[in-house]
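A.B. asks: Model the following, please.
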Amino acid sequence: MGKKILGGLLALAIVGGAVAGSNPADPDILARLGATVAGKVTAALPDRSQLAGPVTTFKVGDRLPVEEQVRVRIRTDKSMAGTEVEVLRGGATGEVRLRGLVATPALQLRAAIIASETLGVDKVFNELAVPE
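C.D. replies: Take a look at the predicted model:
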């Protein structure tokens, strides 16, 4: 409890010091800077007509393609962090190909297990390479 009070007082002192030492023109400078940054960000964004919104892309009940489901599962698996596994559609429905380079045989096996346990995957072609 004492640490929370001390932390709150420290934060209040920092903010109070910043306000007390500020220049009266600072809000105007920050407003102009914010407007400039907003203009540049808006100019860098693609035209809204070229973007597909989530509502137009998927309808209720739609599922991601099997290869995308595998790709998401591999990327979100903590043991696969830092690996670049390419997931491609196989020749037939339910088939996926794993390509890329992984650091260890254990990661090669883990990627294959993740793919084979994904709903809708019937066959996995494991083409992952492990450096010697």
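
A.B. asks: all contacts plus neighbour counts: C-alpha atoms, from now on.
C.D. replies: Will do.

A.B. asks: what are the ranges of the helices in this protein?
C.D. replies: Using DSSP state H, the helices of the chain run over 2-20, 26-44, 54-57, 66-76, 105-116.

A.B. asks: Just list the residues touching the nearest residue to residue 101 once chain neighbours are set aside, thanks.
C.D. replies: The spatially closest residue to residue 101, leaving aside those adjacent along the chain, is residue 129, at 4.8 Å (Cα to Cα, 6 or more residues apart in numbering). Applying Cα atoms under 8 Å, 6 or more residues apart in numbering, we find residue 129 in contact with 99-102, 108.

A.B. asks: Now list the buried members of these.
C.D. replies: Using 16 or more other Cα atoms under 10 Å as the burial test, the contacts of residue 129 include 99, 101-102, 108 as buried.

A.B. asks: what's the burial count for residue 118?
C.D. replies: 15 (other Cα atoms under 10 Å).

A.B. asks: Same check on residue 74?
C.D. replies: 24.

A.B. asks: show me the contacts for residue 102.
C.D. replies: 83-85, 108, 128-131.

A.B. asks: please redo it, this time with the cut-off set to 6 Å
C.D. replies: 83, 130 (Cα atoms under 6 Å, 6 or more residues apart in numbering).

A.B. asks: ok, so what distance separates it from residue 40?
C.D. replies: 39 Å (Cα to Cα, to the nearest Å).

A.B. asks: before we move on, back to that, the residue nearest to residue 101 and residue 116, how far apart?
C.D. replies: 18 Å.

A.B. asks: One more: residue 81?
C.D. replies: 19 Å.

A.B. asks: Neighbour count: the two, which is higher?
C.D. replies: A count of neighbours by other Cα under 10 Å puts residue 116 above the other of residue 81 and residue 116, at 19 against 11.
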